[in-house]
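**Student:** just need the structure, nothing else, for what follows:
(one chain, ligands or ions: 2)
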Amino acid sequence: MSECVFCMIARGEIPAKVVYEDDQVLAFDDIAPQAPVHTLIIPKEHFDRMGPDVPAEVISALFTAVPKVAEAKGVAESGYRVIVNNGPDAMQTVGHLHVHVIGGKRMSHGMVHFE
Ligand code: 5GP
Ligand code: ZN
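**Tutor:** Ligands and ions are numbered 1, 2, ... in the order given. Predicted structure coming up:
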């Protein structure tokens, strides 16, 4: 998966504004933020998307990082939305599992927008 853009970020081959890092995950700001805070959390190991091949420890590490990212970005109290676009119907555009942490302004109700 050497051509995967998020693998390249995980290896430090593409620069990114790193927010949090541990053994299993890396969090960095989205290149095209949809809100004042828009950070992505990825497993360092490549998985295309959420599925039965993703070990529970990886899922745990991703979601354990969420409040740490929120704290680092200053939205722990104000709140934020956590989104995983998983597969074609969800319009996943980067085929390396990632969690969006989005906040910093008030959102509308609901989270589902169809074409
Ligand atoms: P998806 O639609 O797959 O859930 O979200 C992919 C996200 O990755 C998008 O929000 C997009 O802006 C972001 N992204 C794509 N390429 C890069 C990159 O090279 N660097 C960073 N920091 N974000 C990226
Ligand atoms: Zn990858």
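
**Student:** could you list the low-pLDDT ranges of the protein?
**Tutor:** Along the chain, the parts satisfying pLDDT under 70 run over 1-2.

**Student:** this structure: strands as residue ranges?
**Tutor:** For the chain, the strands defined by DSSP state E cover 18-21, 25-29, 37-43, 80-83, 99-103.

**Student:** now render the ones you listed as TSV, adding distance to ligand 2 and mean neighbour count.
**Tutor:** All C-beta spots, glycine's among them, are computed from the backbone N, C-alpha and C. Output for the strands of the chain, formatted as TSV (distance: least, Cβ to the ion, whole Å; neighbours: other Cβ atoms under 10 Å):
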stretch	distance to ligand 2	mean neighbour count
strand 18-21	16	16
strand 25-29	11	22
strand 37-43	8	23
strand 80-83	19	17
strand 99-103	14	22
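
**Student:** of all the ones you listed, which lies closest to residue 61?
**Tutor:** Among the strands of the chain, strand 25-29 comes nearest to residue 61, with 5.0 Å by Cβ to Cβ.

**Student:** kindly export that closest one (C-alpha atoms) in CSV.
**Tutor:** The C-alpha trace of strand 25-29 is given here as CSV (Å, rounded to 0.1, in the frame of the first residue of the first chain):
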residue,chain,number,x,y,z
VAL,A,25,-2.6,5.8,15.6
LEU,A,26,-1.7,9.1,14.1
ALA,A,27,-4.0,12.2,14.2
PHE,A,28,-3.5,15.1,11.8
ASP,A,29,-5.5,18.1,10.6
